[in-house]
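Asker: Test case, fold it:
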Amino acid sequence: MSKAGYDASPSLPDQFKLFDSNWMATGLVIVTGTAFKTRNVDLVIPFPYALHYEPAAYAFIGTGGDPGAGDGEGVPAAGYTTKNALIVTRRGNSDFNIRYIVYAVSI
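Answerer: Modelled structure (predicted):
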């Protein structure tokens, strides 16, 4: 499967693919955890190793341990990934905890 604007083919470079069944790591989790996001400061969560693609990731407000225990609990946190890190950019009036998961699949 290719990213928008690219024709899927075996010779397509990995950075233009969403999925390739030949990828050994497909479906694996690269990193997961929780972190603390300070108000109006981007949170950078480095990956344990650099990748050759930008992976898919989810980041949610709250720790998930106590549903409904805070404003926005379970709401996706805005951000993006690079080949080296997950960056959570959501701005707000307060600090908050997030939980995140990064997959060995390109976005």
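
Asker: How far away from the center of its chain is the longest strand seen in the chain?
Answerer: Of all the segments of type strand in the chain, defined by DSSP state E, the longest one is strand 96-106. Between the mean C-alpha point of strand 96-106 and the mean C-alpha point of its chain there is a distance of 4 Å (C-alpha atoms, centre = their mean, to the nearest Å).

Asker: Tell me which residues of that strand come out buried.
Answerer: Neighbour counts over strand 96-106 (16 or more other C-beta atoms under 10 Å) mark 96-100, 102-106 as buried. The way it works is simple: take the backbone N, C-alpha and C, and place the C-beta from them, glycine included.

Asker: Note down every partner strand of that strand and its orientation.
Answerer: Here the strand partners of strand 96-106, with direction, are listed using DSSP bridges: strand 29-37 (antiparallel), strand 55-61 (antiparallel).

Asker: quick one, helices of this structure?
Answerer: For the chain, helices defined by DSSP state H do not occur.

Asker: which stretches of it have low pLDDT?
Answerer: Per-residue confidence of the chain (counting by pLDDT under 70) places the weak regions at 24-27, 63-73, 106-107.

Asker: if we can go back for a sec, out of the buried residues of strand 96-106, the closest to residue 76 would be?
Answerer: Taking C-beta to C-beta as the measure, residue 76 lies nearest residue 98 of those, at 9.6 Å.

Asker: Quick one: the strands paired with strand 96-106 as a markdown table, columns for mean neighbour count and distance to residue 12 too.
Answerer: As requested, the strands paired with strand 96-106 are exported to a markdown table (neighbours: other C-beta atoms under 10 Å; distance: least, C-beta to C-beta, whole Å):
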| stretch | mean neighbour count | distance to residue 12 |
| --- | --- | --- |
| strand 29-37 | 15 | 22 |
| strand 55-61 | 20 | 18 |
